[in-house]
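1. following is a predicted model, sequence given first.
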Amino acid sequence: MKLNDPRLFRQYAYVDGKWTHGTEGREEAVIDPATQETIGHCALLEAAQITEAVTAAENAFAAWRAVNVHERAEKLHAWYRLLHEHKEDLAYLMTREQGKPLNDGRGEVDYGASFIQWFAEEAKRAYGMTIPSHIPNAALGTIKEPVGVAAMFTPWNFPLAMITRKAGAALAAGCPVIVKPANETPYSALALAELAERAGIPAGVFNVVTGDPATVSEVLCSDSRIRNISFTGSTRVGKLLMRQSSSSVKRMSLELGGNAPFIVCDDMDPDAAAKEAVAAKFQTAGQDCLAANRIFVQRGIYDDFVARFVAHMEALTVGNGLENNDIGPLIHKRAVESANGIVEDGINKGARRFGGERKAPGENFFVPTVLVDITPEMRVFREETFSPVAGIGVFDSDDEVIQLANDTEYGLAAYVYTNDLRRTWKLMRGLEYGMVSVNSVKMTGAPIPFGGIKQSGLGREGGAQGLEEYLDTKYYCLGNMPSASSS
Ligand SMILES: NC(=O)c1ccc[n+]([C@@H]2O[C@H](COP(=O)([O-])OP(=O)(O)OC[C@H]3O[C@@H](n4cnc5c(N)ncnc54)[C@H](O)[C@@H]3O)[C@@H](O)[C@H]2O)c1
Ligand SMILES: N[C@@H](CC=O)C(=O)O
């Protein structure tokens, strides 16, 4: 690892302020998906060690919640600054473990750091309220209190920002956290732990456990001391964690899969819209919950749009993220096989295929491909492709495209392209999605409530709502007060 600060590359878990390996010495190789070189290992902790992490976090809770919120915010600001100071190293680590282009990695460090800054400020405004009393001589109100220890499971596609969006909120609210990163990408999480320690975040407050996912989730979900489970990942695993957590009734925040529609109306310039659609589809090699999976184009501009989409797509370079390509590798070979299966299925069911002819620069790479004339029977329509495979279909009316776009169990994000205000309103209101972006690929950021409906999840991250996930509302009634009025 070529890092300016080699101490950012940690191959041990981080529990109670100590770097720790598994008591049985078990570990797993971490592979650079571009070269398939082993870049290091991550420790596989045993179940008892995960329980010890819960004890450490629980023990740290009383002191951390008692730290004045302005002081907690100062520590988070210090953490935020350290992320910026070490941006190059963090981006490099991310490219090595995840494969994304270095520039995207830099962007993710900025994005990830912005959540820490946001919640450091937001926690200062965790207001309760007073309630005009219906009880004589009583004072009523609410205060906000931290829920307790939060456990967070994060995916490999955004190895840093998916942690800070959760942990920034939890720590700001006064909750210690235990992070379980994806085994494919543990190093960004462990570098965050190193920087949290340098920022003065006390031992036991920010923990990173690595291990066999099923063991870790079973221990954390069944431990009643864990008060919040926050998960970003597939809908399949989200459902599993819900089941595992039911015995101890916890708060759950779930950011699950997406199958975003991208709707282009015929008042748009086909070339400009196609360029935007390519940007919305192929970032992080399509391994993005916001990726424009299904692109619906109105008939009048359909053929023109398709031709321009293919041209923009073919201009994307594919290769190692360290060499400044547009499209890096997929996370592993299984993902390439799945993408191939989706393309084959579409062709068998009548789709036209464009792209994909260029030679892939390695086993884990997939050359951008688009299936045209997609229908609801095809896998590309039904599944989150999580790869550089796009689908384009035609529509005639607004009602028809709303029906097509909503014909999925997912409801995370949708894109609408039109300059017609009345159509914008109709489409925006008709789409069953947690987030709708009109004429803009970029929609996320720290100030917004990120999240989905239907099987895309529960709860919101970011914005003011993101903090609420880690706060309980305590109602109080002060009875028999000497001079309480009704307000
Ligand atoms: N909605 C969002 O904000 C958002 C953001 C990023 C990714 N995602 C989704 O994440 C998925 C891709 O990420 P992924 O493949 O890492 O997801 P995944 O569900 O396979 O794994 C996510 C995390 O859960 C862990 N995990 C915990 N218990 C597990 C268990 N019993 N079995 C397996 N894993 C367990 C994994 O180790 C990993 O850390 C996609 O569906 C994508 O849409 C959603
Ligand atoms: N791009 C998303 C992550 C989904 O994979 C985000 O901005 O949070």
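-> Alright, I've got the coordinates. Ligands and ions are numbered 1, 2, ... in the order given.
2. contacting residues for the closest residue to residue 106 other than its chain neighbours?
-> In space, residue 106 comes closest to residue 91 once its chain neighbours are excluded; the distance is 4.5 Å by C-beta to C-beta, 6 or more residues apart in numbering. (Each C-beta comes from the backbone N, C-alpha and C, glycine too.) The neighbours of residue 91, taking C-beta atoms under 8 Å, 6 or more residues apart in numbering as the test, are 102, 105-106, 108-109.
3. could you export those as a markdown table, including neighbour count, pLDDT and secondary structure?
-> Conversion of these to a markdown table gives the following (neighbours: other C-beta atoms under 10 Å; pLDDT from 0 to 100; DSSP: H, G, I helix; E, B strand; the rest coil):
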| residue | neighbour count | pLDDT | secondary structure |
| --- | --- | --- | --- |
| 102 | 20 | 98 | helix |
| 105 | 26 | 98 | helix |
| 106 | 17 | 98 | helix |
| 108 | 25 | 98 | helix |
| 109 | 23 | 98 | helix |
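4. all helices of the stretch 1-150 of the chain, in order?
-> 47-66, 69-85, 87-98, 102-122 (DSSP state H, counting those that start in this stretch).
5. any idea which of those helices is most buried?
-> Neighbour counts (mean count of other C-beta atoms under 10 Å) averaged over each of the helices of the stretch 1-150 of the chain peak at helix 87-98, with a mean of 24.
6. ligand 2 contacts on the stretch 351-487 of the chain?
-> 444, 450 (C-beta under 6 Å from any ligand atom).
7. so who does the residue of the stretch 351-487 of the chain found nearest ligand 2 touch?
-> Closest approach between the stretch 351-487 of the chain and ligand 2, counting by C-beta to the nearest ligand atom: residue 444, at 3.8 Å. When contacts are counted by C-beta under 8 Å, 6+ apart, residue 444 is found next to 111, 290, 450, 462.
8. for the second one, which non-adjacent residue is spatially closest?
-> Excluding its sequence neighbours, the residue lying closest to residue 290 (C-beta to C-beta, 6+ apart) is residue 413, at 4.9 Å.
9. cool, the last one as well?
-> Once flanking residues are discounted, residue 462 sits nearest to residue 450: 4.7 Å by C-beta to C-beta, 6+ apart.
10. surely that neighbour is in contact with residue 459?
-> No: if you go by C-beta atoms under 8 Å, residue 450 and residue 459 don't touch, sitting 9.7 Å apart.
11. which one's more surrounded, those two?
-> Neighbour count, other C-beta atoms under 10 Å: between residue 450 and residue 459, residue 450 has more, with 26 against 19.
12. what are the phi and psi values at the more buried one?
-> phi -90, psi 130 (degrees, to the nearest 10).
13. what bridges to it?
-> Using DSSP bridges, the beta-bridge partners of residue 450 come out as residue 461.
14. picking up where we left off before, from the contacts of residue 444, pick the one nearest ligand 1.
-> The closest of those, once distances to ligand 1 are taken by C-beta to the nearest ligand atom, is residue 450, at 6.3 Å.
15. backbone dihedrals for residue 476, please?
-> Dihedral angles for residue 476 - degrees, to the nearest 10 - are phi -130, psi 150.
16. per-residue pLDDT of the closest residue to it other than its chain neighbours, please?
-> The shortest distance from residue 476 to any non-neighbouring residue, by C-beta to C-beta, 6+ apart, is to residue 141 (5.8 Å). pLDDT, residue 141: 98.
17. now swap in residue 482 and tell me
-> Model confidence at residue 482, given as pLDDT, is 86.
18. just to be sure, it is in a helix?
-> No: assigned with DSSP: H, G, I helix; E, B strand; the rest coil, residue 482 falls outside any helix and is coil.
19. shouldn't residue 341 be in contact with residue 379?
-> Yes: using C-beta under 8 Å, residue 341 is in contact with residue 379, at 7.2 Å.
20. in stretch 27-38, which residues are buried?
-> For stretch 27-38, the neighbour count (16 or more other C-beta atoms under 10 Å) marks 27-28, 30-35 as buried.
21. stretch 343-363 too?
-> If you call a residue buried by 16+ other C-beta under 10 Å, then stretch 343-363 has these buried ones: 343, 345-346, 349, 351, 354-356, 361.
22. min pLDDT across these, which one?
-> Minimum pLDDT across the buried residues of stretch 343-363 falls on residue 356, with 90.
23. name the helix or strand for residue 276, please.
-> helix 270-282 (DSSP states H and E).
24. contacts for the helix or strand following that helix next, please.
-> Next helix or strand after helix 270-282 toward the C-terminus (DSSP H and E): strand 292-298. Strand 292-298 is contacted by residues 258-266, 273, 277, 280-281, 305-306, 309, 374, 380-381, 384-385, 390-396, 401, 404-405, 415 when judged by C-beta under 8 Å, 6+ apart.
25. is it possible to mark the buried ones in the residues you listed?
-> Neighbour counting by 16+ other C-beta under 10 Å classes 258-266, 273, 277, 280-281, 305-306, 309, 374, 380-381, 384-385, 390-395, 401, 404-405, 415 among the contacts of strand 292-298 as buried.
26. can you narrow the residues you listed to ones near ligand 1?
-> Restricting the buried ones among the contacts of strand 292-298 to those touching ligand 1 (C-beta under 6 Å from any ligand atom) yields 258, 384.
27. okay, and which of the buried ones among the contacts of strand 292-298 map to strands?
-> Residues of these located in strands (DSSP state E): 260-264, 390-395, 415.
28. turn these into JSON lines, columns for distance to residue 226.
-> Converted to JSON lines, those look like this (distance: C-beta to C-beta, whole Å):
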{"residue": "260", "distance to residue 226": "31"}
{"residue": "261", "distance to residue 226": "36"}
{"residue": "262", "distance to residue 226": "38"}
{"residue": "263", "distance to residue 226": "40"}
{"residue": "264", "distance to residue 226": "44"}
{"residue": "390", "distance to residue 226": "39"}
{"residue": "391", "distance to residue 226": "39"}
{"residue": "392", "distance to residue 226": "44"}
{"residue": "393", "distance to residue 226": "43"}
{"residue": "394", "distance to residue 226": "48"}
{"residue": "395", "distance to residue 226": "45"}
{"residue": "415", "distance to residue 226": "36"}
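29. which pair in those residues spans the largest distance?
-> Using C-beta to C-beta, the pair of these lying farthest apart is 260 and 394, separated by 17.9 Å.
30. quick one: the residue of the stretch 201-350 of the chain found nearest ligand 2 from residue 384, how far?
-> The stretch 201-350 of the chain approaches ligand 2 most closely through residue 289 (3.4 Å), counting by C-beta to the nearest ligand atom. In this view, residue 289 and residue 384 are 8 Å apart by C-beta to C-beta, to the nearest Å.
31. residues bridging contact with those two, i.e. touching both?
-> 257-258.
32. check contacts around the nearest residue to residue 234 once chain neighbours are set aside.
-> Excluding the flanking residues, the one nearest residue 234 by C-beta to C-beta, 6+ apart is residue 257, at 5.6 Å. Contacts here follow C-beta under 8 Å, 6+ apart; on that basis residue 257 touches 234-235, 289, 384, 410, 412, 455-456.
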